[in-house]
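[1] sequence and predicted structure below; questions after.
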Amino acid sequence: MSNMKAILVWYVVVGCLFSLFSFGFVDPNFSISTHPLALSILNPLIHIVYKTPIIAATLYTLFVIIFFILYALIIRIKTLLTLKTYWKFLLLLSIIFFLSYPSLSHDIFNYILSAKVAYFYRENPYLVMPTELLGEPMLGFTRAANKLALYGPVWILATWIPYVLSFGNVLVALYTFKLLVITSYVTICILIYKMTKDVRRVLFFACNPLVIIETFVSGHNDTFMMALVLYGIYLCRSNQLFAQIAGWGFMTASVLVKGATIVLLPLFVFFRTLSDEKLFFWASVCSFGVFLLTPLREELYPWYAIWFLVFVSLLPMGKRSFIHGAAYMLSFGLMLRYLPWIATREYGGTGPMIRLFVTWVPLACYSFWYKIFVNKR
Amino acid sequence: MKYIVSILLFAIVIFTPARVHAEYVLPYPSFMPGNKIYRVSRMFDQLKRYWSFGSIAQTKYTMNMADKYLVEAKTLFEYKQYLLAFDALDRSDKEIVKLSKQVQSGIEEKKNMSLVVESIKEEMSVHEMLLTKLQKEMPSEFIWTPEKQASTVLSIRERLMISIKLRQDIRVSMNE
């Protein structure tokens, strides 16, 4: 077995363990199964997460470190495998992580409930909060239910498909909603390959543990938003007028998912005057700028990194590319932001300070190392 | 002794948990008739009616409109623009009439409407208070004489009484 194959196998094995570990985070008010066999597996995991949070935090840290080591090896190794092998690997990875429980974020329940407000109760989710629907069973485990729909109309419309496919069952909805986001992930991977013809750049995006966890485990709609904008760019690059109009349509739809991609619109006005590399570079810079501004609204959530990671993946990967290294280190730091919450089950206290520290210290260390050692060479 | 009583009173005020009651609050007056944007704002109100789909959203919309037009009527009454005030009050009453039907349709859709019903009851009480105050302050009649036309007697207090009665009926029906 080649080195690369061994690394991919390890990624899959650790992925299996992480998926299993994620079930320890099942909300006490949410019943996955009452079958004795399922309970015999779930209960010890739940015990670890809820009763021994320090062990859970240690395990989580270990998972993150192992994932990032494997990720580094995948993107740095010289001998590449065939494209088919990578697609098989990504498919396997998708299935494993798809089966996991949304352990690190409750947003997916919020998506499901917003869709339920719109398609089951037939109420406008922008005017009626889920908490106004007294007796709704999902209120027991859905966070931020006292808020009106947080996402744009394109997202609410897109959730009609997974909601209908779930037949009103929350557990099924969890997976149908994930499927929608995973489809977006696959779209992004295909588009990166089509636009760059470089497997390594696809791997830089597809194997990033932050992207995988936030897409497959938490099912965040940021991947959906980015798939729309990237497809918009792909179509705009065409010389056909119809494709260009459709491209603008996709970009507008992306803005109507979450709004973050609105900063990219001015870039596309000058689309024709910029080379691909410059366009993707400035798109990365703009997305990173919005990412940095998010604490003004709420908090710097790890999944917001997907906004700029998509564009960074489109940039050529030099041997010592600072932007790729920085994206790697920031992804690592962002995944550690969950630690205080896992260890204390609280968002306050010293949590914000620790989150700030773990997010920026790896990036600062890398920048320092790059400035001192790499830049001098 | 005086000091002890003062300290005790102070302590009671500070440490006794105060009951906080979030009262139903009417909105500030928006654009008034005569303003250039008034017609546009009415058009937006109509558009919002379609946007407010669903029995709960529709009820909330109706309540908002009833409040808006009532506040408009109050301001017009205070400026002695009685004819326009009557028109605004008519519009507010028309919205109020819709409420029972909307609540009923929510119940038929098997939605728990108790929060909405409570909110409507509070709204009706606030409306009644405002209309009663207006009834006391306004003249019982006003003779409106338009140019080159016969004059009309506007029975202001009688008209206000009709609106108060309507709201009382709605409040009672919500208790049933």
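    Structure received. Numbering: from 1, shown residues only, chains lettered A, B, ... in the order given.
[2] tell me which element the one residue in the stretch 251-377 of chain A that gets nearest to chain B is part of?
    For the stretch 251-377 of chain A, the residue closest to chain B is residue A:256, as judged by C-beta to the nearest C-beta, at 15.7 Å. The C-beta positions use only the backbone N, C-alpha and C, and glycine is treated the same way. Taking DSSP states H and E as the definition, one finds residue A:256 inside helix A:241-258.
[3] C-terminal to that helix, what's the next element?
    helix A:265-269.
[4] average pLDDT for that next one?
    Averaging pLDDT along helix A:265-269 gives 81.
[5] excluding its backbone neighbours, what's nearest the residue nearest to the spatial centre of chain A?
    For chain A, the residue nearest the mean C-alpha position is residue A:214 (3.0 Å; C-alpha atoms, centre = their mean). In space, and not counting its chain neighbours, residue A:214 is closest to residue A:303: 4.0 Å by C-beta to C-beta, 6 or more residues apart in numbering or on different chains.
[6] that neighbour: what's it in contact with?
    A:105, A:210, A:214, A:218, A:220, A:222 (C-beta atoms under 8 Å, 6 or more residues apart in numbering or on different chains).
[7] what's the answer for residue A:294, then?
    A:300, A:301, A:304.
[8] which SS state does residue A:319 fall under?
    Of the three states, residue A:319 takes coil under DSSP: H, G, I helix; E, B strand; the rest coil.
[9] ok, back up a step: among the contacts of residue A:303, who's most crowded?
    In terms of neighbour count, residue A:214 stands highest of those at 29 neighbours, by other C-beta atoms under 10 Å in any protein chain shown.
[10] surely that one meets residue A:220?
    Yes. At 5.0 Å, residue A:214 counts as touching residue A:220 under the criterion of C-beta atoms under 8 Å.
[11] which residues do these two both contact?
    In contact with both residue A:214 and residue A:220: A:105, A:303, A:306, using C-beta under 8 Å, 6+ apart.
[12] that older thread, if any of the contacts of residue A:294 are buried, put those into a PyMOL selection.
    Selecting only the buried entries of the contacts of residue A:294 in PyMOL, with 16 or more other C-beta atoms under 10 Å in any protein chain shown as the criterion:
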select buried, chain A and resi 300+301+304
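[13] show me the longest helix that occurs in chain B.
    When every helix of chain B is counted residue by residue (DSSP state H), the longest turns out to be helix B:82-108.
[14] which strands or helices does the helix or strand following that helix pack on?
    Using DSSP H and E, the helix or strand that follows helix B:82-108 in sequence is helix B:114-137. Helix B:114-137 sits against helix B:55-78, helix B:82-108, helix B:156-175, with contacts defined as 3 or more C-beta pairs under 8 Å, 6 or more residues apart in numbering or on different chains; DSSP states H and E.
[15] give me the secondary structure label for residue B:36.
    Residue B:36 ends up coil, using three-state DSSP.
[16] close to chain A: what parts of chain B are there?
    Listed as neighbours of chain A in chain B under the rule C-beta under 8 Å from any C-beta of the partner chain: B:51-57, B:60-61, B:109, B:111-112, B:114-116.
[17] quick one, phi/psi of residue B:143?
    phi -100, psi 120 (degrees, to the nearest 10).
[18] what's the burial count for it?
    8.
[19] surely it touches residue B:156?
    No. Residue B:143 lies out of contact with residue B:156 (C-beta under 8 Å); the separation is 11.0 Å.
[20] and residue A:41, what does it touch?
    Contacts of residue A:41 by C-beta under 8 Å, 6+ apart are A:20, A:23.
[21] how about residue B:159?
    If you count contacts by C-beta under 8 Å, 6+ apart, then residue B:159 has B:86, B:89 around it.
[22] report pLDDT for it.
    94.
[23] next one: it from chain A, what distance?
    From residue B:159 across to chain A, the span is 32 Å (C-beta to the nearest C-beta, to the nearest Å).
[24] nearest spatial neighbour of the residue in chain B that chain A sits nearest to, skipping sequence neighbours?
    As assessed by C-beta to the nearest C-beta, chain A sits closest to residue B:54 within chain B, at 3.2 Å. Using C-beta to C-beta, 6+ apart and skipping the chain neighbours, the partner closest in space to residue B:54 is residue A:123 (3.2 Å).
[25] ok, that neighbour touching residue A:114?
    No. With contact defined as C-beta under 8 Å, residue A:123 does not reach residue A:114; the gap is 10.4 Å.
[26] look at these two and report which has more neighbours.
    residue A:123 (27 against 24).
[27] closest point of chain A to chain B, which residue?
    Taking C-beta to the nearest C-beta, chain A has residue A:123 as its residue nearest chain B, at 3.2 Å.
[28] is it correct that that residue falls within a strand?
    No. Counting by three-state DSSP, residue A:123 falls outside a strand, being coil.
[29] show me what contacts it?
    A:117, A:133, B:53, B:54, B:55, B:56, B:57.
[30] next, count neighbours for residue A:122.
    Quick note: residue A:122 (other C-beta under 10 Å) scores 14 neighbours.
[31] residue B:56 is in contact with that one, correct?
    No. At 9.8 Å, residue A:122 does not count as touching residue B:56 under the criterion of C-beta under 8 Å.
[32] quick check, pLDDT for the residue nearest to residue B:54.
    95.
[33] circling back: hmm, who's touching the helix holding residue A:256?
    Contacts of helix A:241-258 (C-beta under 8 Å, 6+ apart): A:151-155, A:158, A:221-222, A:224-226, A:228-229, A:231-238, A:261-262, A:264-265, A:268.
[34] just the buried ones from those?
    Buried, going by 16+ other C-beta under 10 Å: A:151-152, A:154-155, A:158, A:221-222, A:224-226, A:228-229, A:231-237, A:261, A:264, A:268, out of those.
[35] burial of residue B:118, as a residue count?
    12.
[36] scratch that, residue B:146
    Counted with other C-beta under 10 Å, the neighbours of residue B:146 add up to 9.
[37] ok, it - contacts?
    residue B:152.
[38] part of a strand, is it?
    No. Under three-state DSSP, residue B:146 sits outside any strand and is assigned coil.
[39] related to what we said a few turns ago, among the buried ones among the contacts of helix A:241-258, which are in helices?
    Secondary structure assignment by DSSP H places A:154-155, A:158, A:222, A:224-226, A:228-229, A:231-236, A:268 of the buried ones among the contacts of helix A:241-258 in helices.
[40] which single one of those residues is nearest to residue B:43?
    Nearest to residue B:43 among those, counting by C-beta to C-beta, is residue A:154 at 26.0 Å.
[41] follow-up on the earlier one: so for the residue nearest to residue A:214, what's the pLDDT?
    pLDDT, read off for residue A:303, is 96.
[42] check residue B:13 too.
    So, for residue B:13, pLDDT stands at 55.
[43] how about residue A:291, nearest residue that isn't a chain neighbour?
    That would be residue A:304: by C-beta to C-beta, 6+ apart, it lies 5.0 Å from residue A:291.
[44] list the residues that contact the one you found.
    Applying C-beta under 8 Å, 6+ apart, the residues near residue A:304 are A:222, A:260, A:290, A:291, A:294.
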